[in-house]
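A.B. asks: The following block contains a protein sequence and its predicted model.
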Amino acid sequence: MNHRLIWVVLVVVGMALGLLLGGQEQTTAQAPTSKAAKELDGEVNAQLKELNAMFRTGNARVVVVINPESP
């Protein structure tokens with residue numbers, strides 16, 4: 001009976017720890033703000049404009065790298 005109580009306590013403590021750590025991870029995962037999203041959007045738009053300009057001028061080059069070690 002003593003062993004059962006120890007196992008129950010260990011399981012409950014493990015579940016509580018998992019919930020506690022899982023909750024903290026979710027709050028930090030929500031950190032990206034609208035400012036970061038706007039900055040990323042601006043970077044993507046700038047890269048798209050550069051690519052568009054390269055394609056229009058005909059100065060685009062395609063480099064193909066074949067890696068025999070990749071699956």
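C.D. replies: Arrived safely. Predicted model only: the values in this text are computed from it and were never measured.

A.B. asks: What's the end-to-end length of stretch 54-67?
C.D. replies: 27 Å (C-alpha to C-alpha, to the nearest Å).

A.B. asks: Any buried residues in that stretch, and which?
C.D. replies: Neighbour counts over stretch 54-67 (16 or more other C-beta atoms under 10 Å) mark no residue as buried. Placement of C-beta: from N, CA and C, glycine included.

A.B. asks: contacts for that stretch?
C.D. replies: Contacts to stretch 54-67, defined as C-beta atoms under 8 Å, 6 or more residues apart in numbering, come from residues Leu51.

A.B. asks: for the protein, what spans make up the strands?
C.D. replies: With DSSP state E as the criterion, the chain has no strands.

A.B. asks: the longest helix in it is where?
C.D. replies: Scanning the chain for the helix with the most residues, using DSSP state H, yields helix 2-29.

A.B. asks: Quick one: mean pLDDT for that one?
C.D. replies: For helix 2-29, the mean per-residue pLDDT is 76.

A.B. asks: Mind listing what's buried along it?
C.D. replies: For helix 2-29, using 16+ other C-beta under 10 Å, no residue counts as buried.

A.B. asks: Neighbours of Gly42, how many?
C.D. replies: By the criterion of other C-beta atoms under 10 Å, Gly42 has 10 neighbours.

A.B. asks: Equivalent analysis for Glu43, please.
C.D. replies: If you count neighbours by other C-beta under 10 Å, Glu43 ends up with 10.

A.B. asks: The one 10 residues further on too?
C.D. replies: Summarising burial for Ala53: neighbours were counted as other C-beta under 10 Å, giving 11.

A.B. asks: if I look at it, how far off is Ala46?
C.D. replies: For Ala53, the distance to Ala46 (C-beta to C-beta, to the nearest Å) stands at 11 Å.
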